[in-house]
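Colleague: any chance you can model this:
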Amino acid sequence: MRRKWIGQALVAVLLATGLVVVVYRTVARNDEHASLPSGVGSRRHVTIPADGASLAAEVLTPARRHGRAPLVIMPASWGSSAEEYHAIAAGFASSGYLVVAYAQRGFAPSTGSVDLAGAATQADVSTVIDWALAHEPADAKRVGAFGISYGAGVSLLAAARDRRIRAVAALSTWADLGQAFDVNRTPATAALTTLIDGVKGKAAFGPEIQHLQSVLESRPKDVGPAIQALSAARSPARQVAALNRNKAAIMIANGFEDSIFPPYQLVSFFQSLSTPKRLELAAGDHGGPEARALAGHDDQTVDDAQAWLDHYLRGAANAVSREAPIVLHDVRTGATRSYQRWPKAGAQNRYALPKPDTADGSASATGWSATLRAGSDSGASSSPPQNLSTTAYQSPTAIINALNHRAAFIWSGPRLTTDLVLSGTVQLHLLLSATAPAVSLFLHLYDVDAKGVGRLVTSTAYTTSRLKPTRPTGVTVALQPIAWTVPTGHHVAVVLDTVDPRYTTMTPPGTKVTVSSSVYDPAALLVAPGQ
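Modeller: This is a model prediction of the structure:
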């Protein structure tokens, strides 16, 4: 670890509801009577006036500084107070930063209304920078932003608007709001409902949230268009030109298994950046990789985030400045693999798929086909979100032979005679036909041991609206990014079904779905090998 965090906060991270909910011991409002961590000069609670709102903030200053201190702004996550970041902010302050953390508009004790990272929320970051430069000994030429979840996305959006932000550390963030909640045109209604219901009665919702709430309750299949209509102005991926022009150094760090902001929507955004950049992915659900830091414990992700800001705001020649821009931590082994470019699946690592194990299928020398009726649960799923405040991420498991084979297409590969190291993107190529043009499918890749117990490696949702009942259409679906080592003696299994509780299916009831493979266009699993 690059440093040890200092903090007194007692944190409960309730990821089972998709939120980062933070509970602290009472923080003294009178600084003369508050004990401060070593290296922290002062801690104050202030109210910062913003356009139509007031922002409740916590200000921490370093005990020692030479001239004006580098400034880090920390917008809080969804539904959280400024004190969510207290342990992390204290660590930054003890290292020489002046930190201003604040509760975002619409979330008490701040006022205003929640606009889902709209223009007012984005402008609040600049307002807080203005206030800090006017009231604190902060350096206007060394301004950074650090955020988790909602605070991360807002930090990226603010960097596109405000050239003073020279570096950003965005943890558990989104890049494209539409892709995050409308995964391959499949509405991720469980995640969106959880976010809204989790703060209902505790936040002042603006018209954007009220409309989404209405659509979720009455027309869940319309969630996709509703979120896409809001996405452009609220997605860092749509602000790439401004980010590249402003040249802020951008670090993104998410969990592979993030159930709120799945990481696939980050990859194209990252690739489009021409600024100094870093993409770090590790095991964990939403907020998982950085959860320990919120509780004041040592945490590699947040250590890397501070090292990133240290380099670009303070000129530190540290390890993070010399590493490759893409860092993937193997979920199963913990090994770190670094890349200059995103590892992609390719033809050289293409595994042909035999006829799946289903109740209705046929095979010939030239190919195979298999059919199922959509709507039944096979038992495979992307699983509920996990609470990572006290335990490490545990991959969901399924006994593959016990799955409902009448409700899924299931392919099981041969026993491996050497480790299979996966990194980056895994793809599934199939020929599809259906009795309805719109079909939602859910794809799962398992690492299966000798006892038949499969650990979920990666998954995704996919909806297509261009299928014919008799003429197969070729589709290639990218699963969520992953770094995973399948050990010798295990085998991989692919499960494709039509039900997943995280999503609202677009498939009409009773639809028959057929997958097939031909000698000219064979079904295949495509992987990107690790180093």
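Colleague: which helices and strands sit right next to the longest helix along the chain?
Modeller: When every helix of the chain is counted residue by residue (DSSP state H), the longest turns out to be helix 119-135. Using 3 or more Cβ pairs under 8 Å, 6 or more residues apart in numbering; DSSP states H and E, the elements in contact with helix 119-135 are strand 40-50, strand 53-62, strand 69-75, strand 98-102, strand 138-148, helix 150-161. Placement of C-beta: from N, CA and C, glycine included.
Colleague: after the last one, which helix or strand is next?
Modeller: Pointing back at helix 150-161 there. Where DSSP states H and E defines the elements, the next helix or strand beyond helix 150-161 is strand 165-171.
Colleague: ok, and what's touching the helix or strand following that following strand?
Modeller: Where DSSP H and E defines the elements, the next helix or strand beyond strand 165-171 is helix 177-181. Outside helix 177-181, the residues that touch it by Cβ atoms under 8 Å, 6 or more residues apart in numbering are 116-117, 153, 174, 187-188, 191-192, 223-224, 227-228, 230-231, 234-235, 237, 260-262, 264-265.
Colleague: the residues you listed in strands, which ones?
Modeller: When strands are assigned by DSSP state E, the members of the contacts of helix 177-181 inside them are residue 187.
Colleague: got a quick ChimeraX command for the buried subset of the contacts of helix 177-181?
Modeller: Filtering the contacts of helix 177-181 down to the buried ones (16 or more other Cβ atoms under 10 Å) takes a single ChimeraX command:
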select :116,117,153,174,187,188,191,192,223,224,227,228,230,231,234,235,237,260,261,262,264,265
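Colleague: now the longest helix of the chain and helix 150-161, what's the angle there?
Modeller: On the basis of axes from the mean of the first three to the mean of the last three Cα atoms, to 10 degrees, helix 119-135 is oriented at 80 degrees to helix 150-161.
Colleague: show me the contact partners of helix 119-135.
Modeller: Outside helix 119-135, the residues within contact range by Cβ under 8 Å, 6+ apart are 46, 48-53, 55, 57, 59, 71, 73, 75, 98, 100, 102, 104-105, 112, 114-115, 138, 140, 143, 145, 154-155, 157-158, 161-162, 164-165, 233.
Colleague: any of the residues you listed buried? List them.
Modeller: Neighbour counting over the contacts of helix 119-135 (16+ other Cβ under 10 Å) leaves 46, 48, 50, 53, 55, 57, 59, 71, 73, 75, 98, 100, 102, 104-105, 112, 114-115, 138, 143, 145, 154-155, 157-158, 161-162, 164-165, 233 as the buried ones.
Colleague: distance of residue 316 relative to residue 273?
Modeller: In this structure, residue 316 and residue 273 are 22 Å apart, going by Cβ to Cβ, to the nearest Å.
Colleague: again but with residue 517, I slipped
Modeller: When Cβ to Cβ is applied, the distance between residue 517 and residue 273 equals 38 Å.
Colleague: residue 517 bridge partners, please.
Modeller: Per DSSP bridges, residues listed as beta-bridge partners of residue 517: residue 368.
Colleague: picking up where we left off before, more neighbours, residue 517 and residue 273?
Modeller: Under the neighbour definition other Cβ atoms under 10 Å, residue 517 and residue 273 were set side by side, and residue 517 has more, 24 against 20.
Colleague: quick check: pLDDT value at that one.
Modeller: Each residue has a pLDDT score; the one for residue 517 is 94.
Colleague: go on, the one 3 residues further on?
Modeller: The predicted structure scores residue 520 at 90 on the pLDDT scale.
Colleague: for it, give me the backbone phi and psi.
Modeller: phi -90, psi -30 (degrees, to the nearest 10).
Colleague: what's around it, how many residues?
Modeller: Here the neighbour count serves as a burial measure; for residue 520 (other Cβ under 10 Å) it reads 8.
Colleague: check the gap between it and residue 474 for me.
Modeller: According to Cβ to Cβ, residue 520 stands 10 Å off from residue 474.
Colleague: likewise for residue 174?
Modeller: Separation of residue 174 from residue 474 (Cβ to Cβ) stands at 30 Å.
Colleague: tell me how far residue 77 lies from residue 132.
Modeller: From residue 77 to residue 132 the distance is 20 Å (Cβ to Cβ).
Colleague: between those two, which one's more packed in?
Modeller: For the pair residue 77 and residue 132, the greater number of neighbours falls to residue 77 (29 against 23), based on other Cβ under 10 Å.
Colleague: which stretches of the stretch 1-150 of the chain have low pLDDT?
Modeller: Residues of the stretch 1-150 of the chain meeting the criterion pLDDT under 70: 1-34.
Colleague: same check, this time on the stretch 401-531 of the chain
Modeller: With pLDDT under 70 as the threshold, the stretch 401-531 of the chain has low-confidence stretches at 530-531.
Colleague: direction included, what does the helix or strand hosting residue 444 pair up with?
Modeller: Assignment of secondary structure by DSSP H and E places residue 444 within strand 439-448. Applying DSSP bridges to the sheet, strand 439-448 is found paired with strand 453-464 (antiparallel), strand 491-497 (antiparallel).
Colleague: what comes into contact with the last one?
Modeller: Spelled out, it's strand 491-497. Contacts of strand 491-497 (Cβ under 8 Å, 6+ apart): 353, 356, 377-378, 380, 398, 400, 403, 407-416, 420, 428, 430, 441-448, 454, 457, 486, 515, 525.
Colleague: this structure: helices as residue ranges?
Modeller: Using DSSP H, the helices of the chain run over 86-94, 119-135, 150-161, 177-181, 189-198, 207-218, 223-231, 240-246, 264-272, 291-294, 300-314, 319-322.
Colleague: re the thing from before, list the buried residues for the strand holding residue 444?
Modeller: If you call a residue buried by 16+ other Cβ under 10 Å, then strand 439-448 has these buried ones: 439, 440, 441, 442, 443, 444, 445, 446, 447, 448.
Colleague: will you turn the residues you listed into a markdown table that also has distance to residue 322?
Modeller: Compiled in a markdown table, the buried residues of strand 439-448 are given as follows (distance: Cβ to Cβ, whole Å):
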| residue | distance to residue 322 |
| --- | --- |
| 439 | 47 |
| 440 | 44 |
| 441 | 42 |
| 442 | 40 |
| 443 | 37 |
| 444 | 37 |
| 445 | 33 |
| 446 | 37 |
| 447 | 33 |
| 448 | 39 |
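Colleague: of all the helices of the chain, which one comes closest to residue 367?
Modeller: Closest approach to residue 367 among these is made by helix 264-272 (29.5 Å; Cβ to Cβ).
Colleague: any idea of the mean pLDDT for the closest one?
Modeller: Mean pLDDT, helix 264-272: 97.
Colleague: need phi/psi at residue 333.
Modeller: Listed backbone geometry of residue 333 is phi -100, psi -20, with angles given as degrees, to the nearest 10.
Colleague: can you pull up the bridge partners for the residue nearest to it when sequence neighbours are not counted?
Modeller: If you skip the residues right next to it in sequence, residue 333 has residue 485 as its closest partner in space, 5.0 Å away by Cβ to Cβ, 6 or more residues apart in numbering. According to DSSP bridges, residue 421 are recorded as the beta-bridge partners of residue 485.
Colleague: so what's residue 326 up against?
Modeller: Residues touching residue 326, when contacts are defined by Cβ under 8 Å, 6+ apart, comprise 270, 278, 279, 338, 339, 340, 341, 342.
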